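Participant: Would you be able to build a 3D model of this:
(one chain, ligands or ions: 2)
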Amino acid sequence: MLIGIVGKANVGKSTFFKAATLAEVEIAPYPFTTIKANEGVGFVKTICPETEFKIKCKPNHGFCLEGFRFIPVKLLDVAGLVPGAHLGKGLGNKFLDDLRQADALIHIIDASGTTNEEGKPTQGYDPCKDIKFLEDEIDKWFYNIIGEKWKMLIRKIKSEAKPIKLLAEQFSGLKINEEMIKKTIINLNLSERFSEWTDEQLLVFVKQLRRSSKPLIIAANKIDLPGAKENYAKLRADFPNYIIIPCSAESELALREAARDNLIKYISGEKNFKIKSENLNEKQKKALEFIKEKILIRFIEGTGIQTCLNHAIFSLLNHIVVYPVENETHLCDKDHNVLPDAHLLPKGSTALDLAFAVHTDIGKDFIAAIDARSHMRLAKDHELKDNDIIRIMTR
Ligand SMILES: Nc1nc2c(ncn2[C@@H]2O[C@H](COP(=O)(O)OP(=O)(O)O)[C@@H](O)[C@H]2O)c(=O)[nH]1
Ligand SMILES: [Mg+2]
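Facilitator: Ligands and ions are numbered 1, 2, ... in the order given. Have a look, this model is predicted:
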């Protein structure tokens, strides 16, 4: 799974990325093999079962702080969106290329309205425009992908028994599969014979496909600046169906850096921090005080960064957390590491899906699973719940 951090220039994408990927504690090597310069590891936060069972966990990946389990997810700092990006020129091309691999997007906007279309400083810019601007660019890009080949596709569909497969092939490389195409067609009540679609129907189709294949939430960033709260209220009113989170990436970065340097104790997503060191100078103290009063106390989401990541995984992508263990009494693996792994799985995943997620061989040799809370035996098609602790029995 990959979360893309997108938006126009200078809204705070890199600051968000840096804050989200800076861990407060030293962590085990990430479980992802290839990582490029603009890729990093962030974390979703969940309540670790260690508190419920009064034990101490030992994560293989990610970390646990005071009962909060932080599970790694891959993040991508996408190249800034430029007007006309869908034409695929220069930096626009980079933007689209980055976007291909993303499963969900966090769209960062400057809620203070002090950044214009091109990312230059201004006053009174309406950030509502950016929501439409970004979505329009992606929609046009999607449209071009099939629009350019439309005549050829229509010729081909006549000899093609599986039109959906043909359509899906056009979007391969964008993490769009036949299932998504099929769902979109059904939801919109369109004919499978896409050669019969009007141009209008094609436009509606790509828009809906973009929504389901690249779902997004809005991070209303720079909420610490004057005027941002008023714009945030307007955003909420104008886009009632969107998840919009007030954010201050700069504040989160300052808090995490202070925590890393042992100046404060801060857990991402919490609404407070504790000063730990006497070495804070006046300037640092003032900056922290500002963050506490203007951000942490005022917004239920704290700085908003953690809330964005959690929403991306749990709301947009609809994932649950499941803990596989080898010993369901002590909730550990064979080396006595307690709750060593936390897997993010799509809602609806079964005991067998978990087995395959752990290892292909475990999946192949699956006999049954055991729920560590109820000690019930579970069949392979048993649907898992969020926070389940599961032992898998193999041949
Ligand atoms: N006041 C304020 N400034 C921010 C915030 N996030 C980022 N910035 C500033 O906005 C500018 C652009 O940030 P950057 O992360 O480089 O933007 P990008 O071009 O979208 O990657 C920098 O000067 C940041 O310090 C924030 O939450 N509040
Ligand atoms: Mg940047």
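Participant: just the helices in the stretch 101-250 of the chain please.
Facilitator: For the stretch 101-250 of the chain, the helices defined by DSSP state H, counting those that start in this stretch cover 128-147, 150-157, 163-170, 178-187, 199-213, 228-238, 249-260.
Participant: rank the ones you listed by pLDDT, which is bottom?
Facilitator: When these are compared by mean pLDDT, helix 150-157 comes last with a mean of 84.
Participant: in that one, what's buried?
Facilitator: Going by neighbour count (16 or more other C-beta atoms under 10 Å), the buried part of helix 150-157 is Leu153, Ile157. Every C-beta, even on glycine, is put in place using the N, C-alpha and C of the backbone.
Participant: thinking again about what came up before, which among the helices of the stretch 101-250 of the chain is found nearest to ligand 1?
Facilitator: Closest to ligand 1 of the helices of the stretch 101-250 of the chain is helix 249-260 (C-beta to the nearest ligand atom; 3.5 Å).
Participant: follow-up on the earlier one: could I get the helices of the stretch 101-250 of the chain in JSON lines, plus columns for distance to ligand 2?
Facilitator: Formatted as JSON lines, the helices of the stretch 101-250 of the chain follow (distance: least, C-beta to the ion, whole Å):
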{"stretch": "helix 128-147", "distance to ligand 2": "15"}
{"stretch": "helix 150-157", "distance to ligand 2": "36"}
{"stretch": "helix 163-170", "distance to ligand 2": "31"}
{"stretch": "helix 178-187", "distance to ligand 2": "29"}
{"stretch": "helix 199-213", "distance to ligand 2": "23"}
{"stretch": "helix 228-238", "distance to ligand 2": "20"}
{"stretch": "helix 249-260", "distance to ligand 2": "11"}
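Participant: Can you tell me which of those helices is most buried?
Facilitator: Stretch with highest mean neighbour count among the helices of the stretch 101-250 of the chain: helix 249-260 (a mean of 23; mean count of other C-beta atoms under 10 Å).
Participant: Tell me the helices and strands packed up against whichever helix or strand comes after that one.
Facilitator: Next helix or strand after helix 249-260 toward the C-terminus (DSSP states H and E): strand 264-266. On a contact count with 3 or more C-beta pairs under 8 Å, 6 or more residues apart in numbering; DSSP states H and E, strand 264-266 meets helix 249-260, strand 273-275.
Participant: Make TSV from those and add distance to Thr184 to it.
Facilitator: Formatted as TSV, the helices and strands packed on strand 264-266 follow (distance: least, C-beta to C-beta, whole Å):
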stretch	distance to Thr184
helix 249-260	33
strand 273-275	45
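Participant: Figure out which of those is closest to Trp197.
Facilitator: When the helices and strands packed on strand 264-266 are compared by C-beta to C-beta, helix 249-260 sits nearest Trp197, at 41.4 Å.
Participant: got the residue ranges for the strands in this structure?
Facilitator: For the chain, the strands defined by DSSP state E cover 2-6, 39-47, 63-65, 68-77, 104-110, 216-221, 244-246, 264-266, 273-275, 319-325, 343-346, 366-371, 377-378, 388-394.
Participant: residues contacting the residue nearest to the spatial centre of the chain?
Facilitator: In the chain, the C-alpha nearest the mean C-alpha coordinate belongs to Ala312, at 3.6 Å (C-alpha atoms, centre = their mean). Ala312 is in contact with Ile3, Val73, Ala104, Leu105, Ile106, Ile217, counting by C-beta atoms under 8 Å, 6 or more residues apart in numbering.
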